[in-house]
Structure formats: C-alpha cells, structure tokens
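**Q** coords below, sequence missing:
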C-alpha cells in the first residue's frame, strides 16, 4: 500500500503518518502541507506546499502514485488559518489532491476528514444527528466540509473506489490548535445565558484510531466520530477552574471582540456551538469499523486543561 | 476472564455509583463534574424535580410494571397533551417505573427548549427519537395538533410510531382521558405492543388502530 496524506504537518496528520509508518504492509508514505510536521517522521516523505499551488500538489501526488489517499488537508477557520485562507486552502487542496490521486489510476481507497458541523444547527435541526440525517450546514466551516465531502464523493465515484467520510466532533486537546480549545482555556469563558446547550468533543487519539481503521478497512459513506457524553460551556469552564461569563444577544459582539483580543478569535461555527449546541450519534463507528471511542467528552475537556507546567532548568557555570 | 478497562471515571459511566447526598451534589455543581447526556438531560436535576413533584398534585400511574426494566420503549398518550402535561406525566411514569422517562415535543427555542431538555425533554424529530430508542431510553409522546380532528384528539404521532417500528421498540398506550384538577387523576399504562418478533405489529396504521389514538375526546365523553 502506498499512502499519501494531505495535511501531514498538522497534529492529526503527523500522528496518522507515525501510525502508518509503523505498519509493515505500507510500502511508502508521503504527504504535503503548508506547515512542517509537528513530530519526527522516520519513513514519510514530506513536501512543503501551499495547497493553493494546485499544479505543484498535483505533480507530487501523480509522481507518488498513491493507492490510498488520506485527505486531512481541511483547514478550520481560526485554527491555523484565517477564515478566508481556510476556505481557499481547503477548496484548492481538495480539488488538486483528489483529481491527481484519481488520475494516477492506482487509487483503491480514500479517507476524508470531515466534521459534524456539516449537519448544521438551524432551528428544528436534530440535536444528535446520525449519519442518515442529510447534511444542512449553517456555518462557514460546515459549508467548507460539505464541499470537501461532495468533491471526494464525486472523485470516488469516478474512480470506483470507496470513500470514507469521517465526521469528527470538534477535536480539542492541550496540543491541538483549535479555536474552541483556545476559547475554553481563556481565564473567563463566555456561555449562552439563555440556553447553555451541550456539545461533544473528540480526543485526537480516537480521531487517529478511526482514520487508521478506515484506511485498513475501507467503508463507503459517512461515519460520525464523537466522544460519548456532553458538556456545556459553563460546565467546561468550571471543570477548568475558569470563570463562566453569561452572555445574551448583543453581548456576544463584545464577548467575541474581547476573546479575539485575548488571542482566541471565535469563528461562526464555534459561536453556533456555544449558542445552539453541537453533538452527533457516533454509535455506527463501532458497528462498522469496530472502533470504540475511548475518551468521553468530559474527560477530553478535563485533559484540555491538564496542560503540563513548563519546568525551567537552572543553569550554573562550572 | 477478559479484563474490561475504561479510560473514563466509573462514576461518570454508572449513575448508580454516584453519591446522591446533598453536599456531594452541590460539590459536583460547583466543580462541573455532573453528567449530561447528548440531549442535555441532567439526571441529578431530574431527580430533584421528581422529589419536588412528590409534594404537588399529580396523576396516579397504574400499570407501571408494563414498562420494561431495561431497553427502549415508546409511550403514546391517547390524547393531545400540553408541554407541561407531558413533563408531569413523564415524571409520574418515571417515579412509578424507577427509570428516567423522556418526553418528546420540546421546541428548539431558547430558553424554554434547553431548560426542558435538562429535565428530560427532547424534540419530536425522527432522528432524535431514533437515537433515543437506539440508546435504550423510554420516550413519552402524544398526538399532535390537528384542526380537522375533535378537540383533544389530535393527529396520531405517526413519525414516532414509524421510528419505534424501525428500531423494534415496544409501544405502550397511555390512557390519559381527562386529567384536569378536580377530575379523574389517574393514568393507565397499557400492555406493550411488540414491534419485533413473530406476533409483532407490522405497520404504523395497525399501531394507530391498536392504540386508539385520535379519538380521545369521544372516548372520554363516553366514560363521563
């Protein structure tokens, strides 16, 4: 198996690459990203490319001729890209990667990173949608993900290969760049005084396990990956010994401006999560892929705040 | 013997292991360590609400033993119910059956929706009902508003019944009749209608017929 990973420089991409490298059935691993890998890779070949440079992306992928494509080059607004750059990078990178992988003619499986934001949280939308609920995004990130899913499905249909769409709940952790994680780690955390709805999150280890399982056992269709249980924003703040701040209506404008100043800008999908909630039914994952999510949402939130303190070594002249 | 390990704290997974003393509950509220499910249901708050309703006038439930001890079930009232009636009946049935009973029909509007979801309310959407019944929950629903039907009768909850058929959850009729203050204050849980197995009900139309929903006003008039 020749595995190509887009977005290999991110936390997830690097972790997946490390797992894939250790698999003896994998002949070669390569990947592209705008950012260099976050950990040392032993076998994987890394190419630093801006996804908007479609020609270079396509050339690298065609010359590698992958049999499996793991598309993690999906950029969340305010994660590591501005909202505008996130749209442009994701759209261009998805089209280039899928197009090049399909035309290389050796492709036999595709695994795509998506998110439960595709279900949207319009009024009347299911609180805990399963995979049977048709996507109806109501945030810009949801639309980005739906676009990625549509391009991937079409490419998979053309190549006649299974496309596994893994819809993750927001991935948070002490070392995961995420707008939700940054907001929850502020000294004061805003929450909706009118509702304080629940949301679920996922641990990066469960995300990596699901991606690797989908790579080894390709399934055509969508699967939700969600940490069981849920928390509210005010509850998360209390777990992390932060100050929960109730916010209503126009107060969100000020709260978002203050959060932005404090280094945690709030994109619309995170605002929607705080005001309308966001969970999904992840039970099908265990039935189809045999992967049982190990980390419950409250535990993932607890780990988010368990940031190891920095220990400074005292240096003395000899 | 296979050793079962879990990374979650046992007390979070098993509600029976929780300390339900008042100081422990208050400590959990302050620290944020109280459990909520994906619909926002706060089990400890529901226990507190149930304790308060013990002191309020509420209907007596007969036939609580019809409710399965474990596994999913759909309880269908025989007439249209207001939101507060659904909450009161769900709490009364839960007290009788010693297990949480969720009530469907909560609007997706803040602050009412999230508040009612804390005490067991859920929206009427088929996707949410499907998720609840697959998770082994008991859900109470009732006929919806229909201008073409007699007062109180309402439109049979066909979408909810279709979900029960699809998931194989038994359907229990709940005879409410007229349950106003000063009138009859007793509701009766009927025998479960099986939706799985050899002698099970096969269609929504058959379920509607067997439940007798949509004629509550007439039947209550007969009883009077």
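**A** Noted; the coordinates are in hand. Everything numeric in this text was worked out from a predicted model, so none of it was measured.
**Q** for residue B:103, phi and psi?
**A** Residue B:103 adopts backbone torsions of phi -120, psi 130, taken as degrees, to the nearest 10.
**Q** contacting residues around it?
**A** Contacts of residue B:103 were listed using C-beta atoms under 8 Å, 6 or more residues apart in numbering or on different chains, and they are B:86, B:87, B:89, B:90, B:120, B:121, B:122, B:139, B:140, B:141. Where you see a C-beta, it was placed from the backbone N, CA and C, and this is true even at glycine.
**Q** show me what it is bridged to.
**A** residue B:121, residue B:140 (DSSP bridges).
**Q** how much space between it and chain A?
**A** Distance, residue B:103 to chain A, by C-beta to the nearest C-beta, to the nearest Å: 14 Å.
**Q** now the residue in chain B positioned nearest to chain A: closest residue in space that isn't a chain neighbour?
**A** Closest residue of chain B to chain A, C-beta to the nearest C-beta: residue B:32 (3.2 Å). Once flanking residues are discounted, residue B:32 sits nearest to residue A:238: 3.2 Å by C-beta to C-beta, 6 or more residues apart in numbering or on different chains.
**Q** please enumerate the helices of the chain.
**A** Answering for chain A, as no chain was given. Taking DSSP state H as the test, the helices found in chain A are A:11-21, A:54-64, A:83-103, A:140-159, A:179-184, A:204-216, A:233-239, A:251-261, A:268-276, A:283-289, A:297-305.
**Q** was after chain B, sorry
**A** Counting by DSSP H, chain B has helices at residues B:10-13, B:22-31, B:43-53, B:83-97, B:112-118, B:126-134, B:158-167, B:204-211, B:216-223.
**Q** quick one: mean pLDDT over the first one.
**A** The reference is to helix B:10-13. When pLDDT is averaged along helix B:10-13, the result is 52.
**Q** again with the fourth one
**A** Computed over helix B:83-97, the mean pLDDT rounds to 90.
**Q** that helix - contacts with which helices or strands?
**A** Where contact means 3 or more C-beta pairs under 8 Å, 6 or more residues apart in numbering or on different chains; DSSP states H and E, helix B:83-97 is packed against helix B:43-53, strand B:60-62, strand B:73-77, strand B:101-104, strand B:121-122, strand B:138-141, strand B:186-189.
**Q** and the pLDDT at residue A:205?
**A** pLDDT, residue A:205: 95.
**Q** residue A:123 now?
**A** Confidence for residue A:123, expressed as pLDDT, is 91.
**Q** next: residue B:223.
**A** On the pLDDT scale, residue B:223 gets 40.
**Q** residues from the stretch 151-300 of chain A in reach of chain B?
**A** Contact residues (C-beta under 8 Å from any C-beta of the partner chain) of the stretch 151-300 of chain A with chain B: A:192, A:194-198, A:200, A:228-232, A:234-239, A:275, A:277, A:279-281, A:283, A:294-296, A:298-299.
**Q** 7 Å instead?
**A** A:192, A:194-198, A:200, A:229-232, A:235-236, A:238-239, A:279, A:281, A:283, A:294-296, A:298-299 (C-beta under 7 Å from any C-beta of the partner chain).
**Q** who are the contact partners of the residue nearest to residue B:32?
**A** Neighbouring residues of residue A:238 by C-beta atoms under 7 Å, 6 or more residues apart in numbering or on different chains: A:244, B:30, B:31, B:32.
**Q** ok, the first one - contacts?
**A** Translated: residue A:244. Contacts of residue A:244 by C-beta under 7 Å, 6+ apart are A:189, A:191, A:234, A:237, A:238.
**Q** figure out the length between the terminal residues of stretch A:39-54.
**A** 26 Å (C-alpha to C-alpha, to the nearest Å).
**Q** for the nearest residue to residue A:64 once chain neighbours are set aside, list each beta-bridge partner.
**A** Excluding the flanking residues, the one nearest residue A:64 by C-beta to C-beta, 6+ apart is residue A:30, at 5.0 Å. Beta-bridge pairing of residue A:30, defined through DSSP bridges, involves residue A:4, residue A:45.
**Q** list the contacts of residue A:30.
**A** Here residue A:30 is in contact with A:4, A:44, A:45, A:64 (criterion: C-beta under 7 Å, 6+ apart).
**Q** scan those residues and report the most crowded one.
**A** Each of the contacts of residue A:30 was scored for neighbours by other C-beta atoms under 10 Å in any protein chain shown, and residue A:4 scores highest at 27 neighbours.
**Q** measure it to chain B for me?
**A** Taken as C-beta to the nearest C-beta, the spacing of residue A:4 relative to chain B amounts to 32 Å.
**Q** my read: that residue touches residue A:61, true?
**A** Yes: assessed by C-beta atoms under 7 Å, residue A:4 is found in contact with residue A:61 at 6.0 Å.
**Q** need the distance between the two termini of stretch A:191-204.
**A** End-to-end distance for stretch A:191-204, by C-alpha to C-alpha: 24 Å.
**Q** how many neighbouring residues does residue A:260 have?
**A** Neighbour number of residue A:260 under other C-beta under 10 Å is 12.
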